[in-house]
Structure formats: structure tokens, C-alpha cells
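Engineer: okay, predicted coordinates and the sequence, questions at the end:
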Amino acid sequence: MGNRPGHQHRESPYPGPSPDYRFINLEIGAGQEMMSRNVEALARHYNENFRLLCLNKTLSQTHSGMVSPTIKVPNQAINIYRSPNPNEVWRLQIEKSVIESCRTLQASSQLIKTMSTMSEQGGRLICIEETVQQVAHGTSGGSRGSIGVDVFFDMPTHPNPHIYEYHLQPIPMEIKAGSGETVCSEWASFLEMNLWQGLRLVDIFIDKSNVADTIWFFETIDPKTDGITPMYEGTVVDHCITLQDGFSASCGLEFRI
């Protein structure tokens, strides 16, 4: 993916060092807002030059207690080692925001305002995760509440940081029912089109109450200084996860992501 039409792609060996990843397992109680009590558990790895790459909520729950079980949601943070740069120092920052709709994004939306404020300070988007909080709004005719989200940023503490711009694009997906659920969309051509405009895919937010609604987040350095030059290619990896029910080790489910 990312090949220019009519041009043969030639794979070049990766010249840099092998990436070094660190996996951090966290369990967050369902009654807490996502990560609000776990910021330090993630931020302290920055002291060792491991910066957050992504945060994944697993598709299972663990339970403790018998009379009043406490439901905890397992999460896994993936950090990547960045070689020290004497001219750059970063810290992790998490901002609370709201997604009013995954299908239409207004310039006045709280999420866009949050991202604009942080990017103007040199912040770089890492990922966006849904909280357990939902903001009620709308009418009784079927409109559901907005989605509370935690927005993760790398924030510079060094002077004169590069300024990055972000493009948020809603992409609908079609779900076909059969022996299993199949999610279909024109995402491949959409991704390639954006990569050839010099954008980098940062994250894909999926509305977990309606998997057909997604928002794709793309990043580019300020085009007023660097112009538009393709710099990235896309790679898609099929990944299967086998999950077991928290109450029974014999009950298993398989998901394809």
C-alpha cells in the first residue's frame, strides 16, 4: 500500500535499529474514568525514553469478589524506545474530551478544539480511547449520548517545537452478517489517498456501541513550512485473538481484528 499507480514498488531494507517495545498491563475499575488514576504508571516510562505508542482495551473483563464483584477492564499500553535527543524532551499528557458524533464533525466540536489547543503548543497525538463515561444529550427519539474520550498527547518541554496539523475524517463501515460478521469499506483506497498527500495515520477510533462509525486521525507537519510530500506507506496485519470468559476457562471466543 502506498505505491504510486503505474510504478513498481521496490522493498528497501530497513536501515535503522530494531525497535524496542515495552508492554504495560493495567486493570481499570469500571467505575473510574479511563486512565485517570493510571497516568503515573504510564508517564514514568518516559524517564527511560520509552514513549507511549498505543493503548488497547482488551475484549474481556476480570472479576473479583463474590457478593459484590468489582469489574475491572484489562488494558495494555505499548511503549516504544526513542533514542535520546538532547534537543527534545517529551512528557505524557491526557486530556478529557467528547465526541458528539462519529459521522459528522463540526469545527466547533469539543474534540477538535481540544486537539487544536494541544497541537498549537507542539503536542503530538498518540491515541484516543473511550472512557466509561457517556454524556447524555439528544431527544428521546433514539439519539444516544456523546462519547467521553481520553486524548493522549506527547507534549514537548523543549523550546520551539515543530507544529503538527491533524485531519479528522469520519469513515462509515458496512457490516455484513453471515457465519460471522464481516466489516467492509473502501478504507484501503482511502488510506492510500491520504498517505500520498503526505499524511501519517495516527489512530482509528471505533465507536464501540456502533462499529459502523469510525474516525480516522491523520497527522502532517505544518504544510506552510514543509509542503506536501509522501513520506509513509501503510501496512495492514490480520490479527486473531482468542478470548476466554472470565468465569469459565472452557468458554472461548475468537475475534479477528
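Structural biologist: Nice, I can see it.

Engineer: may I have the phi/psi pair for Gln197?
Structural biologist: The phi/psi pair for Gln197 (degrees, to the nearest 10) reads phi -100, psi 10.

Engineer: neighbours of it, how many?
Structural biologist: Neighbour count of Gln197, defined by other C-beta atoms under 10 Å: 14. C-betas here are computed from N, CA, C, even on glycine.

Engineer: right, and it touches Pro230 too?
Structural biologist: Yes - here Gln197 reaches Pro230: they are 7.5 Å apart, a contact under C-beta atoms under 8 Å.

Engineer: all the helices of the stretch 1-150 of the chain, in order from the start?
Structural biologist: Taking DSSP state H, counting those that start in this stretch, the helices of the stretch 1-150 of the chain run over residues 39-43, 110-120.

Engineer: buried set for the helix or strand containing Glu192?
Structural biologist: Using DSSP states H and E, the element containing Glu192 is helix 187-195. Across helix 187-195, burial judged by 16 or more other C-beta atoms under 10 Å covers 187, 191-192, 194-195.

Engineer: so what secondary structure elements neighbour it?
Structural biologist: Counting contacts by 3 or more C-beta pairs under 8 Å, 6 or more residues apart in numbering; DSSP states H and E, helix 187-195 packs against strand 164-172, strand 200-206, strand 213-221.

Engineer: and the last one with strand 200-206, angle?
Structural biologist: This means strand 213-221. Taking axes from the mean of the first three to the mean of the last three C-alpha atoms, to 10 degrees, one finds strand 213-221 and strand 200-206 inclined to each other by 160 degrees.

Engineer: what about strand 213-221, average pLDDT?
Structural biologist: The average pLDDT within strand 213-221 is 87.

Engineer: and Pro156, how far is that from Leu92?
Structural biologist: 12 Å (C-beta to C-beta, to the nearest Å).

Engineer: okay, and the common contacts of the two?
Structural biologist: Counting by C-beta atoms under 8 Å, 6 or more residues apart in numbering, Pro156 and Leu92 have no common neighbour.

Engineer: okay, now the unreliable bits of the protein?
Structural biologist: 1-14, 29-37, 59-71, 104, 107-108, 132-145, 174-185, 208-212, 222-228, 240-257 (pLDDT under 70).

Engineer: ranges for the strands of it?
Structural biologist: 21-29, 50-57, 62-64, 70-81, 90-99, 124-135, 146-156, 164-172, 174-176, 182-184, 200-206, 213-221, 240-244, 252-256 (DSSP state E).

Engineer: in a markdown table: these, plus mean neighbour count and distance to Leu42.
Structural biologist: Compiled in a markdown table, the strands of the chain are given as follows (neighbours: other C-beta atoms under 10 Å; distance: least, C-beta to C-beta, whole Å):
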| stretch | mean neighbour count | distance to Leu42 |
| --- | --- | --- |
| strand 21-29 | 14 | 7 |
| strand 50-57 | 18 | 6 |
| strand 62-64 | 12 | 20 |
| strand 70-81 | 17 | 6 |
| strand 90-99 | 18 | 6 |
| strand 124-135 | 18 | 10 |
| strand 146-156 | 20 | 9 |
| strand 164-172 | 15 | 21 |
| strand 174-176 | 10 | 33 |
| strand 182-184 | 12 | 30 |
| strand 200-206 | 16 | 16 |
| strand 213-221 | 19 | 19 |
| strand 240-244 | 11 | 22 |
| strand 252-256 | 11 | 25 |
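
Engineer: list just the one of those strands that sits closest to Met115.
Structural biologist: strand 164-172 (5.4 Å; C-beta to C-beta).

Engineer: what is that closest one packed up against?
Structural biologist: helix 110-120, strand 124-135, helix 187-195, strand 213-221.

Engineer: please look at Glu100 and Ser146 and confirm they touch.
Structural biologist: Yes - contact criterion C-beta under 8 Å: Glu100 and Ser146 qualify, at 4.7 Å.

Engineer: now tabulate the helices and strands packed on helix 187-195 in CSV and tack on distance to Leu53.
Structural biologist: As requested, those are exported to CSV (distance: least, C-beta to C-beta, whole Å):
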stretch, distance to Leu53
strand 164-172, 16
strand 200-206, 11
strand 213-221, 14
